[in-house]
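>>> Below are the sequence and a predicted model for it; my questions follow.
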Amino acid sequence: MEVSLSMMNELQQAEFALLKAFDQVCAKLGLKYFLVCGSALGAAKYRGFIPWDDDIDVALYREDYEIFCAHAAALLPEHLFVQNYRTDPAFPAIYSKLRDSNTTYIEKSARHLPIHHGIFIDVFPLDGYPDGRLARRRLEFFKRLYKHALAAAFSLDRSGGEQLLYLVDRLLGTPKRTAQIARKYTERISRYPAKTSDILCNHGNWQGKLDYAPREQYGDGVWAVFEGLPVRIPVRYDQYLTQKYGDWRADLPPEQQKGHHDYVVCDPKHAYRLADEAADPRPEE
């Protein structure tokens, strides 16, 4: 089934190209992935992008995720970059982004970070979850610490108390230890094998425990279509999407039909370095 690119905006076209490249690498490496979050909803409801969506989310079991991170660069075109704390140490996250180096996408919260700023898709690892209340409480405690530490790198609107903690983190140099924090965070959450756990966790997504699901929700996936591309979504996608979004079949009010990424520059035609040399679009602090 051919898809008409004219139905997508320029950002979506660039993201779809990234998804196709990602899909090809996974096929070469024998890796199974799922469309997740709003991309799974788009596949289930629209057979493609939610019309106003501005990103693509995919997820792999931790073991497969690490294989992708280790080998994708050798299989991808030169202009595509696998970004994570290992390849881009100032990148403050525990998941990866596949970026297009021929484009520019500067998110408002990351505008001052010295990182790759191309258009991207998000690539999440799926981890297991410990058995037992004590082990889970301990994991959640450390997650809160690590999430707070990584958040110090971002330019965010903060309340009075949060702003004070942010200033303390800056004085202590926390944002300069992003890679170290992300590595420790990853070591903590990846202790529990995804392929044998009763619960799968997408710790990297912002919705927290809404991204913890019984492994039966994912299963081996079920085939769907995303803009003409065959993809897997969680096999019990109705349960998965209801857990995350409620009545996902209902249409959102017009005022809520908008993307959730705030950016200062989105340029699908020019590389970040070229855009930056022409005119620095990032606002001053």
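Great, that's in hand. Numbering: from 1, shown residues only.

>>> what about the helix or strand harbouring residue 264, average pLDDT?
Secondary structure from DSSP states H and E places residue 264 in strand 263-267. Averaged across strand 263-267, the pLDDT comes to 93.

>>> partners of that strand in the sheet?
Strand 263-267 sits in its sheet next to strand 104-107 (antiparallel), going by DSSP bridges.

>>> how close does residue 27 sit to residue 33?
10 Å (Cβ to Cβ, to the nearest Å). All C-beta atoms are positioned from the backbone trio N, CA, C, and that covers glycine.

>>> How far off centre is the strand holding residue 264?
Put simply, strand 263-267 sits 18 Å off its chain's centre (Cα atoms, centre = their mean, to the nearest Å).

>>> Can you list the buried residues in that strand?
263-267 (16 or more other Cβ atoms under 10 Å).

>>> now do stretch 254-264
For stretch 254-264, the neighbour count (16+ other Cβ under 10 Å) marks 263-264 as buried.

>>> Return it as PDB; C-alpha atoms alone will do.
Taking C-alpha atoms only, stretch 254-264 is exported to PDB below (Å, rounded to 0.1, in the frame of the first residue of the first chain):
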ATOM      1  CA  PRO A 254     -10.500  21.000  18.900                       C
ATOM      2  CA  GLU A 255      -8.500  23.000  21.400                       C
ATOM      3  CA  GLN A 256      -6.700  19.800  22.500                       C
ATOM      4  CA  GLN A 257      -5.800  18.700  18.900                       C
ATOM      5  CA  LYS A 258      -2.200  19.800  19.000                       C
ATOM      6  CA  GLY A 259       1.300  18.300  19.400                       C
ATOM      7  CA  HIS A 260       3.000  18.100  22.700                       C
ATOM      8  CA  HIS A 261       6.500  19.200  21.800                       C
ATOM      9  CA  ASP A 262       7.300  22.900  22.200                       C
ATOM     10  CA  TYR A 263      10.100  23.900  19.800                       C
ATOM     11  CA  VAL A 264      11.900  27.100  18.900                       C
END
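
>>> Make 2 the first number, not 1, from now on.
Okay, using 2 as the starting number, the last item reads as stretch 255-265.

>>> Compare residue 28 and residue 34 (neighbour count), which wins?
Using other Cβ atoms under 10 Å as the criterion, residue 28 and residue 34 rank with residue 34 on top: 24 against 10.

>>> I figured that one hits residue 27, correct?
Yes: using Cβ atoms under 8 Å, residue 34 is in contact with residue 27, at 5.4 Å.

>>> pLDDT below threshold where in the chain?
The model of the chain has pLDDT under 70 over residues 2-7, 157-174, 274-286.

>>> So what are the sheet partners of the biggest strand by length in it and their directions?
When the chain is parsed with DSSP state E, its longest strand is strand 120-127. Strand 120-127 has the following strand partners under DSSP bridges: strand 58-62 (parallel), strand 97-101 (antiparallel).

>>> Beyond it, next helix or strand please.
Heading C-terminal from strand 120-127 (DSSP H and E), you reach helix 134-152.

>>> What helices and strands are in contact with that following helix?
When contacts are defined as 3 or more Cβ pairs under 8 Å, 6 or more residues apart in numbering; DSSP states H and E, helix 134-152 sits against helix 161-173, helix 179-190.

>>> Tell me where the protein has helices.
With DSSP state H, the ranges of helices along the chain come out as 11-30, 38-47, 63-76, 134-152, 161-173, 179-190, 216-219, 238-246, 273-279.
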